[in-house]
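[1] Got a predicted structure plus its sequence, pasted below:
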Amino acid sequence: MLYLPHTSDEISSMLQVAGVDDLDGLFSTVPDDCRLKGDLNLPEALTEWELNDHMETLSRSMAVSPEYRVFLGAGSYEHYIPASVSYLLSRSEFVTSYTPYQPEMSQGTLQAIYEYQTLAARLMGMEIATASHYDGATALVESLLMAIRITKRKKVAVSSLIHPLYRQVVRTYFEPTGLEIVELGYLENGITDIAGLDDMDDLAAVAIQSPNFFGCIEDLQAAGEKTHDKKALFIASFTEALAYGLLKNPGAQGADIVCGEGQSLGIPRSFGGPALGMLASRKKYMRSLPGRLVGKTKDLDGKRGFVLTLATREQHIRREKATSNICTNNSLCALATVMYMASLGSTGIRELADLNRDKAEYLKKGFKNAGYKIVFETPTFNEFVVEFPNGFKATCERLMEKNIVPGLSLAPYYPELTNHYLLCATETKSRDDMDALLMEVQS
Amino acid sequence: MLYLPHTSDEISSMLQVAGVDDLDGLFSTVPDDCRLKGDLNLPEALTEWELNDHMETLSRSMAVSPEYRVFLGAGSYEHYIPASVSYLLSRSEFVTSYTPYQPEMSQGTLQAIYEYQTLAARLMGMEIATASHYDGATALVESLLMAIRITKRKKVAVSSLIHPLYRQVVRTYFEPTGLEIVELGYLENGITDIAGLDDMDDLAAVAIQSPNFFGCIEDLQAAGEKTHDKKALFIASFTEALAYGLLKNPGAQGADIVCGEGQSLGIPRSFGGPALGMLASRKKYMRSLPGRLVGKTKDLDGKRGFVLTLATREQHIRREKATSNICTNNSLCALATVMYMASLGSTGIRELADLNRDKAEYLKKGFKNAGYKIVFETPTFNEFVVEFPNGFKATCERLMEKNIVPGLSLAPYYPELTNHYLLCATETKSRDDMDALLMEVQS
Amino acid sequence: MKESIGATGLIMNEPLLWEKGREGRSGFSLPLRDVESVPLDRELRGEGPEFPDLSEVDVVRHYTRLSQWNFGVDTGMYPLGSCTMKYSPKTNERQANLPGFAGAHPMLPPSLSQGVLRMMFEFEQYLTEITGMDATTLQPAAGAHGELTGMLLIHAFHKSKGSQRSKIIVPDTAHGTNPASAALCGYNPLPVKSNEQGILSIEAIAEVMDEDTAGIMITNPNTLGLFEKNSRKIAEIVHAKGGLVYCDGANMNAVMGIVQMGKIGVDVMHLNLHKTFSTPHGGGGPGSGPVCVKRELEPFLPVPRVVKEKEKYVLSGDYPESIGKVAAFHGNVGVMIKAYSYILSMGAKNLKKASQLAVLNANYIKESLKGTLHLPYDRPCMHECVFSDEDQKADNVTTLDMAKRLMDHGFHPPTVYFPLVVHGAIMIEPTETESKEDIDQFIKAFKAIVSEAKQNPDLLHDAPKKCKVRRLDEVTAARKPCLAG
Amino acid sequence: MKESIGATGLIMNEPLLWEKGREGRSGFSLPLRDVESVPLDRELRGEGPEFPDLSEVDVVRHYTRLSQWNFGVDTGMYPLGSCTMKYSPKTNERQANLPGFAGAHPMLPPSLSQGVLRMMFEFEQYLTEITGMDATTLQPAAGAHGELTGMLLIHAFHKSKGSQRSKIIVPDTAHGTNPASAALCGYNPLPVKSNEQGILSIEAIAEVMDEDTAGIMITNPNTLGLFEKNSRKIAEIVHAKGGLVYCDGANMNAVMGIVQMGKIGVDVMHLNLHKTFSTPHGGGGPGSGPVCVKRELEPFLPVPRVVKEKEKYVLSGDYPESIGKVAAFHGNVGVMIKAYSYILSMGAKNLKKASQLAVLNANYIKESLKGTLHLPYDRPCMHECVFSDEDQKADNVTTLDMAKRLMDHGFHPPTVYFPLVVHGAIMIEPTETESKEDIDQFIKAFKAIVSEAKQNPDLLHDAPKKCKVRRLDEVTAARKPCLAG
Ligand SMILES: Cc1ncc(COP(=O)(O)O)c(C=O)c1O
Ligand SMILES: Cc1ncc(COP(=O)(O)O)c(C=O)c1O
């Protein structure tokens, strides 16, 4: 077998050293009544070539570009990834190493993560960022828990325009510990209604997503001020990191903690994962941060080097008192992201973000002209909500037969929004792609 | 532009140092009447994404597996390539380096080529092998020219069952220099008729391919003896290197020089190139070998290392007196081959070669049972010739519409063999693939 | 080869990203603009982040050079205890990169994502079979995430029974994530000591288990590399008091096809695909930590779940008792594809063989180094063995010194100073993909180091000497943190 | 960054393949046998080659480690004169690996291979336009192969005119492949000296050109990095005597969009796709050496040729005067795809810009190092500049010493001791993909080395010190050759 190098001679000579007669003998400490008698019931082993055929078949059944035109965003975005990034990310020195516990042998990963932390912090307008979390949802939970630790309060207010699935994760995490979540409703212009905050007390944090789940750009400044009046921490979250190539960053608008999903920045969608949980904060909260941090230091000769640091926050030292239980994070995804951000540069990310905005505006205009209602007038980045007439479901079916996936129905998440769809157009959608969709919805 | 790092500031400061006012000024030594006035007439530059779409489209128009079942061999063979080999071959330290003129910085390439030379020599049953040539055809020409240099004779005998396109290349190379080529006919059992050698004189070399173009395994031993009676050098050539996992190697049958195509050993077909010209000989002819050679040596500390050696044979030293004009060869293809041979090992290459033989035998039997004539009874490896009834061309067309490419029509190369087709079945053809073909030709 | 594997060669110094670059350079091919520009209102626009502008060649060289400062399983033996650093088959990378998988949006309608759904459905079945449990969720993104999910399931279970409990038993040999995950779910971890044999005694558990204890977290094989042979009995005790047994399956690589945890009293457990099932660790992730449960816990599993209706696969959220979601979408699908491919490539026989050889390699190392290093628990081990620096105290050489010196010999060090119950622990997990030759070289190197410790301890104190950097000042790093440039 | 780029880091020693492995191991997944075995007659069967049996992890580690002993353009600056070691865009690799291209059989019927045929057809047109010629063949596998093809075309041309000629003019600055290729075609190369300006004088050619001379091989820009400004006149002289002008286009990177050789008297020329058109050199190949010709030579081009009939592309062998074939199939298609992609990515403007910047970089280096190193021909250069070790003789330091020392500073050395007309030549070709920063570091390094040569020459004599091996004994290697293990 390709992955099992032992020859039978080697096995027997090693068994001798181990002092047992056969492989079975190695398991003498496993009580007989713990042993599996027969064999596991699994499919026959496939050759590499059978595996290729099998996976090829599965892969071809998926609706992806170029065959399909998918206008879904809602937390997972189609963006171009340079071949150079994919190549660099495949280098086995990065791929097959473990968490850099031994810094002298891991300077590549360590410097790269340090660079990621730096560019990530700059993108979010914060002083420091963590090495990575699982995804945008867990980054949000960790941010809320962090605020709870810092303020020693047990209640958080969360915008109802934060990604519904993220809020579900928050609820799941909070349920057993009796932490309280209040949801802030939304105004008809599509942004969070923060008025409710006035008569709420002992809030640990207020969390708002911008662009929000409707694609609308929130007034973080205002929300931040209101939050600070309440002595709560202001958490800004996001699902479309690329937006901050264009928008005023959360740090500049008073956020204390910023968290979100980094998938847009060079990570393939892969049916939702692996992605990248990004989390940043002001420096004063450094020691309350969850997860890994890479820091700069010097070696014995005074040469610059990098190490994992502030480990006393972490589970392997602090155990139940740790700031989080996270151990393995999404390091390689952070690497993809920093390679991608480095490829874009200041100039590139701005132009790309502009283009995303303009593509979506073109599509939006198209729908307007086709007589559809663009429900919320607040400015958007690359997603927006359209209200379709009753029976649009049928149209959807027809579109799918034409290999077009129009967008996400909001009804399951916002029952009041029947026939409302969330549509997304990134730089990957050409004018022709969008015209094709518009053509269909007109007819 | 991605590949042009200069900013305009940098350009102007560099122009200053260069002492000219603008980029045009750099070309003062190019007479005005040599300068192109307008711009080149080329398509507008494409973005990386437009290029992806364009190339994707071109690629999809090609008939390849899994959509197509292609039974073509004839010098280019479909064999499985492990993902590990493709990955290793993509390492930029191998891909983006030049010919290892500076050995201290190129030990990776040098040891790998030394390993290739060794395994290649073992496969062919020779003492030494060169670092690589362009393809099987040019390797054959170089072998013939080598024999001509060694024997100082001007005539060579070449089997008519050597790949027709290889022979065309030989003719093209020989034409201007008035070197003479005699072609040896073939017997009705499908192997070369060497009787003709008896009344030929001053032959520099006799070249025979095995398995030959009909897929038949030649009696190299006999041909070799006859050749040596004539004091000529015996050259054994091949197009299907994998055959020597199973067949008695040419060295063991008296070959003085062995040459052929290495594409089968881990190199994708890529419409015929890049491939790999393999060339090996007995050690006594070492200094007459064309092309690069890597040798083992020691460094100042006595540590093992590798260098390009015997350069005095080569064009950059010997100029017009060199043993060949070759400079850039097909080094990376040789690397692919050694990685592939290392993955197979003695055990693997034998089993794989057996399987190739057996697949072809299955198909052969199928045709026999379907009542077709297997023209030549000499044993074959993974290719054989079938005679089809008149009007098989129509069947061919029908097959192609069913995404089956049955084989190569021999008529263009052997006018006497109308309706004769050369078919190949490697390990990549499943029983179902072959049954599908047989089904079609029966109906 | 006589000489040690470790050597030095030319590598490149490389500045930080932002110490390079020039404004206006670009390493990204900007798509054509085929739509007019509709500028965003000024007050919403920011300056955009301060990134360096680099060309493609700048970026490629930068990260190519950085990669050369790193060591991975593809570079050499990486016997990091408890981490199962086995070889990651290259074909798995190919599969995960197939356009249909890599390009798939997580909210595609099931009719347009049958391939991935089928993979997930079958993969759940395989893991359920391997663990001997009844159902599996693939949503957790890593081991610790799986532990938390397990705690949430246990919590939901007790809640459904109307009885809430405040404690959970966690042995002192447990990985730090165990107590941390328990605490995150509101449980007070109740530490119990392992006995002189390095395993849990039935008595110790009987003593602490009560009606206010939700259950126990057992790591089996445990972090000393020993099989918890009392686990069945312990499970009975816990169950008798209405508790549940959680198994940290991070060490499953020792017992695939040999022990089905579901058959020895475990109610819920997690697996680390990035350990047992060969997915590469990526310098810290992404991983994947599926959780397998017994029937009684199935109703609480996260949603959506993949179900098969006739010949079609669909996503169902219709589980009223579900704990909800632990990840935004379906978990780390890209990682699952690799582990799924691994299981398909191995089949039942080779998975068992892998465990047998992993255990063989560990015992071979244990026996071979036993005379050289102090072995606190001299018993047959599973996939890893734990030594200590006891015998080197005399030479005043520590575990850390030996670890660093191993680098100069061309090996990644084992896990050190864990588990905490062994002072100066040296935790060696070779995995099955290391050949006897490579292991023999490792043993030779370790013996050489131990004699160096006697003859010339400074070789160890000054180690590593061959890496790009020498020992780094971690104290200052933590005291005056510099986390961004 | 103050410190030099060159540093040392941990790399692995690694034995030869056959010093590893164990019989019965396998690194290849053998396909299932779904047909019965039909053994071949004994006497035809051999023992099979003696290869080591290795596992996949053995092979992967072996070549990963070897790769780390290598230096490529992705590692750093590679200013190898005459080799145009520019950055190879990663997207080109992607395109060449597309399954439709990589998996295509060369004898597929045209109806089933339109994609590749279209690529070749368009690519020929692009190269024809860039060179200002009338037709192109893509069959030659490298530059030297293109030269030979060119010689064969010239030979066929003269033959068609009924007059055969025995000589061809080859300047002393020509690359070794030029005379070698001419000789292979039966011509006697007639060497002519370049003048004190480093270029060909009209007189020198007029003197030797006669009716028995088939033509001339000019490298333009020549290997001193100088433009042959008399080439037009020289062409007239050659043509007047019925000869043809061959241009070695290896240095085309200097003049894309600036000079069309076809417009200045060249009748036939080759291009090196693996130089000018960014395809990676692969440690020695594969390359590709297309040959472009004027109308009068078109009938002689190799077959088959790609022609467009209505909207379809077909292969035509119907060229009675063709020289035949120089490669078995269509040439190195995989390499063409990369160069084709490069041209499409660049477009006319950026190709010209590339040449301008390549020339800018070379002149910038020339001016910056002029005071430091002896510059035999102090004239504006094209894409490369040639220095010598003249000024270092005093310190008894040679070109080789400086070249080796550059390695320790983290750079690949320039081409050395070529062209032969300059003693101790140091031929520097930066290419356009090197940024000013990187070039400044290179200049700094070279200046440092030259002062090291004065202060501490042994630093140079003992160089390199940072690479895996020190200087190698090439003399013994050649005297007692060991070419196989
Ligand atoms: C025994 C044990 N449990 C749990 C974990 C946590 O797994 P992860 O790092 O995937 O969160 C680990 C990994 O270090 C482990 O070794
Ligand atoms: C000027 C010149 N001519 C010809 C060649 C030969 O090209 P190739 O190595 O591709 O055969 C080279 C390459 O070294 C060269 O520099």
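    In hand now; what should we look at? Ligands and ions are numbered 1, 2, ... in the order given.

[2] For the nearest residue to C:Lys436 once chain neighbours are set aside, grab phi and psi.
    Leaving aside its sequence neighbours, C:Lys436 sits nearest to A:Glu10 (C-beta to C-beta, 6 or more residues apart in numbering or on different chains; 4.3 Å). Where you see a C-beta, it was placed from the backbone N, CA and C, and this is true even at glycine. Here is the backbone geometry of A:Glu10 (degrees, to the nearest 10): phi -60, psi -40.

[3] And the one 10 residues further on, by the same measure?
    A:Val20 has phi and psi values of phi -130, psi 160 when expressed as degrees, to the nearest 10.

[4] measure it to B:Ser409 for me?
    64 Å (C-beta to C-beta, to the nearest Å).

[5] and the residue lying farthest from the centre of chain C, what is it in contact with?
    No residue in chain C sits farther from the centre than C:Glu36, which is 48.7 Å out by C-alpha atoms, centre = their mean. Each residue near C:Glu36 by C-beta atoms under 8 Å, 6 or more residues apart in numbering or on different chains is listed here: A:358, A:362.

[6] how close does the residue nearest to C:Lys436 sit to C:Ile439?
    Distance from A:Glu10 to C:Ile439, counting by C-beta to C-beta: 10 Å.

[7] hmm, the helix or strand of chain A with the lowest mean pLDDT touching chain C?
    Using mean pLDDT, DSSP states H and E, the weakest-scoring helix or strand in chain A turns out to be helix A:315-318, at a mean of 86. Yes: using C-beta under 8 Å from any C-beta of the partner chain, helix A:315-318 reaches chain C at A:315-318.

[8] Am I right that the residue farthest from the centre of chain C is in a helix?
    No: counting by DSSP: H, G, I helix; E, B strand; the rest coil, C:Glu36 is not found in a helix; it is coil.

[9] Quick one: residues contacting the residue in the stretch 201-350 of chain A that ligand 2 sits nearest to.
    The stretch 201-350 of chain A approaches ligand 2 most closely through A:Ser343 (31.3 Å), counting by C-beta to the nearest ligand atom. Counting by C-beta under 8 Å, 6+ apart, A:Ser343 touches A:82, A:84-85, A:266, C:26-28, C:54, C:56, C:59.

[10] That one should be in a strand, yeah?
    No: the assignment for A:Ser343 (three-state DSSP) gives helix, which keeps it out of a strand.

[11] how close does the most centrally placed residue in chain A sit to chain C?
    Of all residues in chain A, the one closest to the mean position by C-alpha atoms, centre = their mean is A:Glu261, 3.1 Å from it. Between A:Glu261 and chain C the computed distance is 7 Å (C-beta to the nearest C-beta, to the nearest Å).

[12] For that residue, give the beta-bridge partners.
    Beta-bridge partners of A:Glu261, counted by DSSP bridges, are A:Gly277.

[13] Just confirm C:Phe277 is within a helix.
    No: C:Phe277: not assigned to a helix; according to three-state DSSP it is coil.

[14] Quick check: which element contains the closest residue to it other than its chain neighbours?
    Leaving aside its sequence neighbours, C:Phe277 sits nearest to C:Ala339 (C-beta to C-beta, 6+ apart; 3.7 Å). Secondary structure assignment for C:Ala339, by DSSP states H and E: helix C:333-369.

[15] how many neighbours does the residue nearest to A:Glu44 when sequence neighbours are not counted have?
    The shortest distance from A:Glu44 to any non-neighbouring residue, by C-beta to C-beta, 6+ apart, is to C:Gly347 (5.7 Å). Residues within reach of C:Gly347, counting by other C-beta atoms under 10 Å in any protein chain shown, total 18.

[16] Flag every buried residue along the host helix or strand of A:Lys359.
    Element membership for A:Lys359, per DSSP H and E: helix A:331-369. Within helix A:331-369, the residues that qualify as buried are A:331-367, counting by 16 or more other C-beta atoms under 10 Å in any protein chain shown.

[17] Stretch A:165-183 now?
    Within stretch A:165-183, judged by 16+ other C-beta under 10 Å, the buried ones are A:165-176, A:179, A:181.

[18] Cross these against helices and list the overlap.
    Mapping the buried residues of stretch A:165-183 onto helices (DSSP state H) picks out A:165-174.

[19] Now for residue 145: which residues touch it?
    Let's take chain A. Contacts of A:Leu145 were listed using C-beta under 8 Å, 6+ apart, and they are A:173, A:290, A:324.

[20] Actually, chain C is the one I wanted.
    Residues near C:His145 by C-beta under 8 Å, 6+ apart: A:134, A:138, A:325-326, C:289, C:326-327.

[21] and if you look at C:Ala174?
    Under the criterion of C-beta under 8 Å, 6+ apart, the neighbours of C:Ala174 are C:217, C:219, C:223, C:248.

[22] From chain A, how far out is the residue of the stretch 201-350 of chain C found nearest ligand 2?
    Nearest to ligand 2, among the residues of the stretch 201-350 of chain C, is C:Pro280, at 37.8 Å (C-beta to the nearest ligand atom). Relative to chain A, C:Pro280 is positioned 5 Å away (C-beta to the nearest C-beta).

[23] next one: C:Pro414
    According to C-beta to the nearest C-beta, C:Pro414 and chain A sit 10 Å apart.

[24] Look at that residue and say how many residues are nearby.
    Applying other C-beta under 10 Å, we find 29 residues neighbouring C:Pro414.

[25] pLDDT at A:Glu320, what is it?
    The per-residue pLDDT reported for A:Glu320 equals 87.

[26] For the least confident helix or strand of chain A, list the C-alpha coordinates in PDB.
    In PDB, the C-alpha atoms belonging to helix A:315-318 read as follows (Å, rounded to 0.1, in the frame of the first residue of the first chain):
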ATOM      1  CA  GLN A 315      -6.200  26.300  26.700                       C
ATOM      2  CA  HIS A 316      -2.900  24.300  26.800                       C
ATOM      3  CA  ILE A 317      -1.700  26.500  29.600                       C
ATOM      4  CA  ARG A 318      -4.900  27.900  31.200                       C
END
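
[27] which other helices and strands contact it?
    Judged by 3 or more C-beta pairs under 8 Å, 6 or more residues apart in numbering or on different chains; DSSP states H and E, helix A:315-318 is in contact with helix C:177-184.
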